[in-house]
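Engineer: I need the structure of the sequence given here:
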Amino acid sequence: METTVLKVGGMSCQGCVKSVTNVLQALPGVTTAEVSLERGEARVEFDPARVDLAALKVAVEGAGFEAAAA
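Structural biologist: Residues are numbered from 1 along each chain as shown. Take a look at the predicted model:
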């Protein structure tokens, strides 16, 4: 397992946090996704054999938010 932190832009409420959490947790290989509105980031634990950093970013962007490696 690996852990990464993504900077997430565009979140303004707990609904946004839930949306980002849900799209990340729906990816195969993601075991946990902890999203913080206050810090504007998502800490994701994942299996790099099943999902990569680019896929995590695409999922967040697909939900309407900005994503970048922290």
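
Engineer: so which residues of this structure form helices?
Structural biologist: Ranges of helices in the chain, per DSSP state H, are 14-25, 53-62.

Engineer: quick one: which of these is nearest Leu37?
Structural biologist: helix 14-25 (5.1 Å; Cβ to Cβ). Glycine gets a C-beta too; all of them are placed from N, C-alpha and C.

Engineer: so who does the closest residue to Val5 other than its chain neighbours touch?
Structural biologist: Spatial nearest neighbour of Val5, excluding adjacent residues (Cβ to Cβ, 6 or more residues apart in numbering): Ala70 at 4.0 Å. Counting by Cβ atoms under 8 Å, 6 or more residues apart in numbering, Ala70 touches 4-7, 41.

Engineer: do you know how far the residue in the chain sticking out farthest from the centre is from Ala63?
Structural biologist: The outermost residue of the chain, judged against the average C-alpha position, is Ala49 (17.2 Å), by Cα atoms, centre = their mean. As judged by Cβ to Cβ, to the nearest Å, Ala49 and Ala63 stand 24 Å apart.
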